[in-house]
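**Student:** Starting from these lines, generate the structure:
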Amino acid sequence: MGQQVEAAKLFPSRPYQPYANFVGSAVAISENWAIVADYAAVAGGQAHFFRRSSDGWNFSQTMRGATSSRFGSGVAIDGNTAVIGAQVWDWGNTRRGKAYAYSLQNGQWSQTQQFLPANLNKYSLFGASVAVSEDVLVVGAPGQNLVMPIGGEVLIYERVAGLWSLVKRFRLPRIPKTFSRDYRRLGWTVDVCGDVVVAGAPGLTGGAFVYERGPSGWARKTILEDPTPLLNDAFGKSVAISGTTIVVGEPVTAGSNYRPGSAFVFEKDGGGVWSLDTEISASDGFATFNFGDHFGVDVAIDGKRIFVGMPKGMITGFNTGTAYLFERGPNGWPTTETERMIIGKPLGTSDRLGGSVGISSGFMIAGAIGAPVGGVAKGAAFVFEVELGQSFCANRPNSTGNPARLTATGSVRVSDQDLTLSVRQCPKKRLGIFAMSSGRAHEPLGDGLLCLGTPMQRFLPPVVIGPGGHAFHDLDFGDPVVSGSLTAGSTWCFQFWYADPAGGPAGSNLSNAIALTLE
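**Tutor:** Below you'll find the predicted structure:
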């Protein structure tokens with residue numbers, strides 16, 4: 001098991017509100033954008049947008065909700081579309097909840113539509129969970145139609161000509177309860193990918209409901225369950241889907257005898273049948289008579305990667321929190337993590353890292369609602385990177401006192417067209433050039449070492465290193481520089497050259513190099 005510390009810490013640059021902040025209570029990430037919610041802010045909740053640029057992750061703007069609405073109870077983002085839930089909107093009256101859609105235009109997010117469907121009962125918690133994928137948007141209302149407290153509803157919207165319209169509502173069906181089949185609060189969590197929606201109903205044992213869109217519209221496909229349910233498992237407390245894979249969290253959040261949490265991976269076969277593939281857990285999971293690790297309280301998936309939070313993981317003390325990456329290999333999903341994520345310098349003993357998680361294109365995000373800011377537990381979110389390839393040829397320190405560090409994130413699958421080169425710890429506002437070669441070398445160049453052989457391709461024009469010492473390059477597989485070269489089975493080496501007048505007599509240096517074998 002490897003271990004990794006965060007690549008960035010996210011919190012709003014504007015002053016925090018003075019009371020009840022829980023930044024990181026919900027998070028979402030898609031490509032170069034991330035949302036970090038603070039649903040307990042005094043003003044009614046906030047959702048902060050962050051953007052990845054040449055200078056790393058930076059605060060962009062904040063959306064705020066109505067007083068006491070818990071705006072940000074659910075957040076989701078996909079490309080240029082975001083959705084935010086406010087689960088107790090109309091606090092002084094019905095507390096029915098509300099949801100909001102946003103669109104990215106010219107680098108700024110703006111609200112495009114509000115969702116408040118008819119026939120919501122009091123305390124329906126509409127907006128407690130949200131999800132979006134292309135032109136399908138899903139909102140959970142786990143308090144709808146509650147009877148002791150069984151119920152819940154999932155609402156599916158579709159976008160046509162820029163307008164979202166409600167197309168289907170699914171209530172928790174009347175299924176005779178047994179010890180092994182106790183579903184409650186459908187819509188506690190939701191996710192969507194293409195024509196498939198999954199929604200959690202974490203009752204005393206719990207279940208996850210799968211809905212699929214066919215020629216006749218949306219219909220319930222199946223119910224996913226823990227094959228060996230126990231009381232208070234909370235199976236369905238979290239769900240996530242990517243392609244033909246669904247992940248369901250089972251954090252075991254209550255009971256007189258706690259157990260380590262786990263998550264279940266389900267796969268869809270060629271006949272359209274969903275079945276259990278693997279149960280995953282933390283290698284350092286734990287439980288005592290009255291305390292559990294809450295592994296699986298939130299889950300996320302992107303292709304061959306699953307990211308799971310464990311907010312009560314103990315690194316320096318109770319509730320420090322950890323998060324875990326699982327990567328599917330040639331032999332399938334591993335039962336324990338590929339890598340563990342922690343805060344590099346734990347800020348306290350109750351950071352609760354992993355209470356919310358997200359993953360997209362090689363970047364992972366985890367909320368930590370107890371992380372102190374200015375000595376007060378106001379919360380933050382932390383970004384981690386899935387680093388690809390093999391690093392070699394460590395280079396020499398520059399004028400910052402550190403060597404420049406090059407990494408690659410995204411996917412090595414050529415068909416994904418998703419590979420990003422990132423470099424940090426460089427002198428700010430200097431020019432730099434990313435380069436690649438099929439061969440290796442080890443020769444002096446400037447104040448560093450050139451690790452690429454010849455012939456060498458350079459990605460021009462040069463980039464300007466940001467104020468924080470960061471730069472990145474999204475590899476364009478159609479670029480004439482690499483066209484026809486980046487093929488499955490080929491191995492390529494990458495390195496970054498940069499100007500550094502204050503770093504040594506030659507006035508330039510290089511990063512380490514990385515080697516990637518494409519699939």
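
**Student:** Which segments of the protein make up each domain?
**Tutor:** The chain breaks down into these domains under automatic domain parsing: 2-385, 390-517.

**Student:** Lowest average confidence across those, which one?
**Tutor:** The minimum mean pLDDT among the domains of the chain belongs to domain 2-385 (a mean of 88).

**Student:** tell me which element the residue most central in space within the chain is part of?
**Tutor:** For the chain, the residue nearest the mean C-alpha position is residue 358 (1.3 Å; Cα atoms, centre = their mean). Using DSSP states H and E, residue 358 sits in strand 353-360.

**Student:** And the helices in this protein?
**Tutor:** Ranges of helices within the chain: none, based on DSSP state H.

**Student:** picking that back up, just the domains of the chain: most buried one?
**Tutor:** For those, the largest average neighbour count (mean count of other Cβ atoms under 10 Å) is found in domain 2-385, namely a mean of 21. No exception for glycine: its C-beta is placed from N, CA and C like everyone else's.

**Student:** distance between the ends of that domain?
**Tutor:** End-to-end distance of domain 2-385: 13 Å, with Cα to Cα, to the nearest Å as the criterion.

**Student:** Stretch 57-74 too?
**Tutor:** So stretch 57-74: terminal residues 21 Å apart, Cα to Cα.

**Student:** picking that back up, which residues touch the residue nearest to the centre of the chain?
**Tutor:** If a contact means Cβ atoms under 8 Å, 6 or more residues apart in numbering, then residue 358 has 27, 28, 29, 34, 300, 307, 364, 365 as its contacts.

**Student:** what about 7 Å?
**Tutor:** Taking Cβ atoms under 7 Å, 6 or more residues apart in numbering, we find residue 358 in contact with 27, 28, 29, 300, 365.

**Student:** How about it: what's its closest non-neighbour residue?
**Tutor:** Sequence neighbours aside, residue 29 is the residue nearest to residue 358 in space, at 4.3 Å (criterion: Cβ to Cβ, 6 or more residues apart in numbering).

**Student:** so what's the one you found bridging to?
**Tutor:** Beta bridges link residue 29 to residue 34 when assigned by DSSP bridges.

**Student:** do residue 382 as well
**Tutor:** residue 9, residue 366.

**Student:** before we move on, what about the one 10 residues further on?
**Tutor:** With beta bridges defined as DSSP bridges, residue 392 has these partners: residue 513.

**Student:** If the residue nearest to the centre of the chain is in a bridge, with which residues?
**Tutor:** Beta-bridge partners of residue 358, counted by DSSP bridges, are residue 365.

**Student:** so residue 198 touches residue 207, yeah?
**Tutor:** No - if you go by Cβ atoms under 7 Å, residue 198 and residue 207 don't touch, sitting 10.7 Å apart.

**Student:** so what's the residue nearest to residue 358 up against?
**Tutor:** Going by Cβ under 7 Å, 6+ apart, the list of residues near residue 29 reads 77, 358, 359, 360, 363, 365.

**Student:** if we can go back for a sec, report the separation between the residue nearest to the centre of the chain and residue 519.
**Tutor:** Using Cβ to Cβ, to the nearest Å, one gets 24 Å for the distance from residue 358 to residue 519.

**Student:** sorry, back to before: could I get the contacts of residue 29 in CSV, plus columns for distance to residue 230?
**Tutor:** Below are the contacts of residue 29 laid out as CSV (distance: Cβ to Cβ, whole Å):
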residue, distance to residue 230
77, 35
358, 29
359, 28
360, 33
363, 35
365, 31
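
**Student:** between the residues you listed, which is closest to residue 321?
**Tutor:** Closest to residue 321 out of those is residue 365 (13.4 Å), distances taken as Cβ to Cβ.

**Student:** So the closest one sits against residue 34, correct?
**Tutor:** Yes - under the criterion of Cβ under 7 Å, residue 365 makes contact with residue 34 at 5.5 Å.

**Student:** tell me, what's touching these two both at once?
**Tutor:** Both residue 365 and residue 34 are contacted by residue 27, under the criterion Cβ under 7 Å, 6+ apart.

**Student:** what ranges do the strands span in the stretch 401-519 of the chain?
**Tutor:** Using DSSP state E, counting those that start in this stretch, the strands found in the stretch 401-519 of the chain span residues 405-410, 419-424, 431-437, 440-445, 448-452, 456-464, 471-474, 491-499, 508-517.

**Student:** Which one of the ones you listed lies nearest to residue 396?
**Tutor:** With Cβ to Cβ as the measure, strand 448-452 is the member of the strands of the stretch 401-519 of the chain nearest residue 396 (5.1 Å).

**Student:** If you count contacts, what does that closest one end up packed against?
**Tutor:** Judged by 3 or more Cβ pairs under 7 Å, 6 or more residues apart in numbering; DSSP states H and E, strand 448-452 is in contact with strand 440-445, strand 491-499, strand 508-517.

**Student:** how about CSV for the ones you listed, with distance to residue 326 added?
**Tutor:** Output for the helices and strands packed on strand 448-452, formatted as CSV (distance: least, Cβ to Cβ, whole Å):
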stretch, distance to residue 326
strand 440-445, 31
strand 491-499, 25
strand 508-517, 21
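
**Student:** For residue 166, find the nearest of those strands.
**Tutor:** With Cβ to Cβ as the measure, strand 508-517 is the member of the helices and strands packed on strand 448-452 nearest residue 166 (44.9 Å).

**Student:** got the contact list for that closest one?
**Tutor:** Strand 508-517 is contacted from outside by 388-396, 398, 403-406, 408, 412, 423, 445-452, 491-500, 503, using Cβ under 7 Å, 6+ apart.

**Student:** got a list of what residue 275 touches?
**Tutor:** For residue 275, counting by Cβ under 7 Å, 6+ apart, the contacting residues are 266, 267, 269.

**Student:** Columns distance to residue 351 on top of those residues, output as TSV?
**Tutor:** Shown next, in TSV, are those (distance: Cβ to Cβ, whole Å):
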residue	distance to residue 351
266	31
267	34
269	40
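
**Student:** which one of these is nearest residue 6?
**Tutor:** So of the contacts of residue 275, ranked by how close each gets to residue 6 (Cβ to Cβ), first place is residue 266, at 30.0 Å.

**Student:** Surely the closest one touches residue 224?
**Tutor:** Yes - between residue 266 and residue 224 there is a contact at 5.5 Å, judged by Cβ under 7 Å.

**Student:** what residues are shared contacts of these two?
**Tutor:** Taking Cβ under 7 Å, 6+ apart as the contact rule, residue 266 and residue 224 both touch 246, 274.

**Student:** Okay, residue 482 and residue 421: tell me how far apart.
**Tutor:** Distance, residue 482 to residue 421, by Cβ to Cβ: 12 Å.
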